[in-house]
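# no sequence on this one, just coordinates:
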């Protein structure tokens, strides 16, 4: 559908919009609070359509759109981190009892991992889950699983780099 | 920032069209560069500039529209270099002498260049599902590209070039008829 849209076939617009908007919104909701998620998804959607004319037919459209959405998520998260650190600097009465710093760091780490995993395909998630559980899925040879794991790890690193930088 | 669904869709559509137009305007810049080069070669500004602007507008419009007409821009521009080259060569060395009599061969050169461009365009168009759409677009761009060099020589070379390029429609029409 994105290939048709890139080629100038306007009749593909409704279909592409109908597929992309829920996917981008779902992706952003996994990574951000609902109000921010909608903003990020809208910005991502508009960027996707802005660049639709340059979409390359050998790319996977959903991965491409999700990558753009991941950038928006990253931008919003960075903005939040900046504003949070500014407000923490200003707050002289912060209570050290609850160790908010480590709680925030843990929460951020979990959110970051969720965002990155959300950017991967189902097969990669299954492979990584099996790796963590130190299992080999039934019906898959050891060598094939090692290759799958290698590819999934490479994509995980790539997604992490895209979303959170090096 | 939150927007209702229909407004968002309208915005997305508008941004899609703007994105296409921006890309089309950018990708058509070589037409202006080509016109500038021709103006330098023939040492004349007004005619190549006017035709260059028309070529730029046509390329941008076709690229923005997309589909078969959009796909015809690049082959049109490339194949249009043949009549353009022929016209420029004829412009500088456009004499054929038989004994004491010398003739200008501009029209013949433009016709030959146009014929080559028309046939090459027809060959590319024949592979497309919308052969006629692609041919018309590519032939128009090829014609304007060729005219960049031929216009300064008068009307007949331009007419000859146009007729020759248009002859390419014959194999396209024949092939379309055979297909159907």
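Happy to help now that I have it. Bear in mind that the values here come from a model prediction, so they are computed numbers and not experimental data.
# nearest residue to the most centrally placed residue in chain B other than its sequence neighbours?
By CA atoms, centre = their mean, chain B has its centre lying nearest to residue B:141, at 1.6 Å. Distances taken as CB to CB, 6 or more residues apart in numbering or on different chains put residue B:76 closest to residue B:141, at 2.8 Å, once the chain neighbours are dropped. Quick note: C-beta positions are derived from backbone N, CA and C, even for glycine.
# same check, this time on residue B:115
residue B:164 (4.0 Å).
# number of residues surrounding that neighbour?
Here the number of neighbours of residue B:164 (other CB atoms under 10 Å in any protein chain shown) works out to 22.
# that one - that's part of a helix, no?
Yes: with DSSP: H, G, I helix; E, B strand; the rest coil as the criterion, residue B:164 is assigned to a helix.
# just checking, what packs against whatever helix or strand residue B:53 lives in?
Secondary-structure element containing residue B:53, defined by DSSP states H and E: helix B:46-65. For helix B:46-65, the helices and strands in contact under the criterion 3 or more CB pairs under 8 Å, 6 or more residues apart in numbering or on different chains; DSSP states H and E are helix B:5-27, helix B:29-42, helix B:67-71, helix B:73-79, helix B:131-150.
# next up, the contacts around the nearest residue to residue A:54 once chain neighbours are set aside.
Beyond its immediate neighbours in the sequence, the residue positioned closest to residue A:54 (CB to CB, 6+ apart) is residue B:23, lying 6.1 Å away. Contacts here follow CB atoms under 8 Å, 6 or more residues apart in numbering or on different chains; on that basis residue B:23 touches A:53-54, B:63.
# can I get those residues in TSV with distance to residue A:63 and pLDDT?
As requested, the contacts of residue B:23 are exported to TSV (distance: CB to CB, whole Å; pLDDT from 0 to 100):
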residue	distance to residue A:63	pLDDT
A:53	18	89
A:54	16	87
B:63	26	96
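# now those residues: which count as buried?
Of the members of the contacts of residue B:23, the ones counted as buried by neighbours, 16 or more other CB atoms under 10 Å in any protein chain shown, are A:53, B:63.
# need the contacts of residue B:23 in TSV with distance to residue B:118, can you?
Conversion of those to TSV gives the following (distance: CB to CB, whole Å):
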residue	distance to residue B:118
A:53	29
A:54	31
B:63	21
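# what is the nearest of the contacts of residue B:23 to residue B:31?
For residue B:31, the nearest member of those is residue B:63. The distance, counting by CB to CB, is 10.5 Å.
# give me the neighbour count for the closest residue to that closest one other than its chain neighbours.
The shortest distance from residue B:63 to any non-neighbouring residue, by CB to CB, 6+ apart, is to residue B:24 (3.6 Å). The local packing of residue B:24 (other CB under 10 Å) involves 21 other residues.
# again, but for residue B:44
For residue B:44, using other CB under 10 Å, the count is 13.
# contacting residues around the residue in chain B positioned nearest to chain A?
Here chain B gets closest to chain A at one residue, residue B:66, 1.5 Å apart by CB to the nearest CB. Contact partners of residue B:66, counting by CB under 8 Å, 6+ apart, are A:7-9, A:53, B:20.
# filter those down to the buried ones, ChimeraX style.
With 16+ other CB under 10 Å as the burial test, the buried ones among these are selected in ChimeraX as follows:
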select /A:7,8,53 /B:20
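# what would the contacts of residue B:66 look like in JSON lines with distance to residue B:128 and secondary structure?
Listed next are the contacts of residue B:66 as JSON lines, based on distance: CB to CB, whole Å; DSSP: H, G, I helix; E, B strand; the rest coil:
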{"residue": "A:7", "distance to residue B:128": "12", "secondary structure": "helix"}
{"residue": "A:8", "distance to residue B:128": "14", "secondary structure": "coil"}
{"residue": "A:9", "distance to residue B:128": "14", "secondary structure": "coil"}
{"residue": "A:53", "distance to residue B:128": "19", "secondary structure": "helix"}
{"residue": "B:20", "distance to residue B:128": "20", "secondary structure": "helix"}
